[in-house]
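Colleague: coordinates only, sequence not included:
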């Protein structure tokens, strides 16, 4: 029964908590503190503070921690799944609708409008990354990393994950500030 309660405690806020973490935190607090009594308000505040100390979505970190405390590893997995399940279900349904109506002129128009918008957003993001790299590391390092990345991705067809890992290792060795 505890696993079902863990699922409900994080699934329901995921469905009704439109707006991401800040909108779901009070809903999770209601479920965890008031409905199921797993924590006090003070303990929940400590878990919230701890979750905010680490990168990533707050709701998933809290679901994993609270699920683990209440139901072990399986409880953590159920809490994490319950947190992402509403978004996952909605994505599957919406993608199913898009696929069903892919030949519709309205869907084709939507795709025609969205693609350039995404390209522009990615271009702006790339520009900001390059600008930050120049400011933090200098032109020489920036051009070197861009050139090597392009060569590995386009000419050698290396998987992007390996290129990113290589860049992280390079940055850790050659670009880390001396302490």
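Modeller: Yep, it's here. Remember, predicted model here, so these are calculated numbers, not experimental data. Numbering: from 1, shown residues only.
Colleague: what spatial separation is found between residue 67 and residue 61?
Modeller: In this structure, residue 67 lies at 11 Å from residue 61, with C-beta to C-beta, to the nearest Å as the measure. From N, CA and C alone the C-beta is placed, and that goes for glycine too.
Colleague: if you count what's nearby, which of those two comes out ahead?
Modeller: residue 67 (27 against 21; other C-beta atoms under 10 Å).
Colleague: and the pLDDT at that one?
Modeller: Looking at residue 67, its pLDDT stands at 96.
Colleague: try the one 10 residues further on
Modeller: Residue 77 is assigned a pLDDT of 97 by the prediction.
Colleague: same check on residue 168?
Modeller: With respect to pLDDT, residue 168 scores 87.
Colleague: again with the one 3 residues further on
Modeller: Model confidence at residue 171, expressed as pLDDT, equals 85.
Colleague: likewise residue 178?
Modeller: Among the per-residue scores, residue 178 holds a pLDDT of 60.
Colleague: element containing residue 10?
Modeller: For residue 10, the host element (DSSP states H and E) is helix 2-16.
Colleague: average pLDDT across that helix?
Modeller: For helix 2-16, the mean pLDDT works out to 94.
Colleague: that one: what's the following helix or strand?
Modeller: Past helix 2-16, further along toward the C-terminus, the next helix or strand under DSSP H and E is helix 21-29.
Colleague: show me what that next one is packed up against.
Modeller: Helices and strands touching helix 21-29, by 3 or more C-beta pairs under 8 Å, 6 or more residues apart in numbering; DSSP states H and E, are helix 2-16, helix 41-53, helix 58-100.
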